[in-house]
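Colleague: no FASTA, just this:
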C-alpha cells in the first residue's frame, strides 16, 4: 500500500522536490519537509478548532487558567509542584494561578493528609462543570470534522495519531527532568 503525500500549495516553502523519498521517512528519523509542513498545518487548524470551542465558556477564563483546570482534571488531585511541572511554570507562579482560580470558584486548595505542608489542588463543583462543558464542546467540534471522513480514513487516522502520541510520550519521558522556569 502506498501512502499518499499531502499536497502543498505551489508557493509553499516546504515544498521541495522529494521524488523518490519515502513519504513516511522510512523510520530512519528523516522526515520530508512536506510531511512536516502538512502535520504542522493540521495541528494549527486543530488548535484553532479547539480554541473556538473554548470561547464563551462561563465563567470566562484565560488560556493558562484553562490549561490549569485541564491539568487538575487530568491528574485528579495534584500537588502544587506537579501542577507547576505540568504547566511548565515555577511553583510560586502556579500558586498565584491557583489564587486566581480559587477566587473564581474553580479550584479548592487543601493540605495533604499525609503531609500537612503539601498543598493539593482539586476542582470545585463549578470547576467540574466548566471542565465537563469544555470537553463536550471540544468533542462536538472534532466530531463534526470526523463525520466528513470515511470509516477507513478514520481508522487510519486513529492508527497514525496513536503512533504519533507514543513517539511524543517517548520525547516527554526524556525531557521530564527539564522543568522550565516560565511563569504561569
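Modeller: Arrived safely, thanks for sending. What you see is a predicted model, and the numbers here were worked out from it, not measured in a lab. Numbering: from 1, shown residues only.
Colleague: all strands for this protein, in order.
Modeller: Assigned by DSSP state E, the chain shows strands spanning 107-111, 119-123.
Colleague: any idea which of those strands is most buried?
Modeller: Across these, the average number of neighbours (mean count of other CB atoms under 10 Å) peaks for strand 119-123, which reaches a mean of 20. For every residue, glycine as well, the C-beta is placed using N, CA and C.
Colleague: Could you dump the strands of the chain into TSV with distance to residue 161 and mean pLDDT added?
Modeller: Listed next are the strands of the chain as TSV, based on distance: least, CB to CB, whole Å; pLDDT from 0 to 100:
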stretch	distance to residue 161	mean pLDDT
strand 107-111	30	94
strand 119-123	27	94
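Colleague: Residue 47: which of the ones you listed is closest?
Modeller: Between residue 47 and the strands of the chain, the shortest separation by CB to CB is 23.7 Å, and it involves strand 119-123.
Colleague: Can you name every helix or strand that that closest one contacts?
Modeller: Packed against strand 119-123, as judged by 3 or more CB pairs under 8 Å, 6 or more residues apart in numbering; DSSP states H and E, are the following elements: helix 63-75, helix 80-87, strand 107-111.
Colleague: can you list those in CSV and add distance to residue 130?
Modeller: Putting the helices and strands packed on strand 119-123 into CSV (distance: least, CB to CB, whole Å) gives the following:
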stretch, distance to residue 130
helix 63-75, 6
helix 80-87, 17
strand 107-111, 10
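Colleague: Relative to residue 135, which of those is closest?
Modeller: Of all the helices and strands packed on strand 119-123, it is helix 63-75 that lies closest to residue 135, at 8.4 Å by CB to CB.
Colleague: Now do the buried residues in that closest one.
Modeller: 64-69, 71-73 (16 or more other CB atoms under 10 Å).
Colleague: what two of these are the furthest from one another?
Modeller: So, these by CB to CB: farthest apart are 64 and 73, at 15.0 Å.
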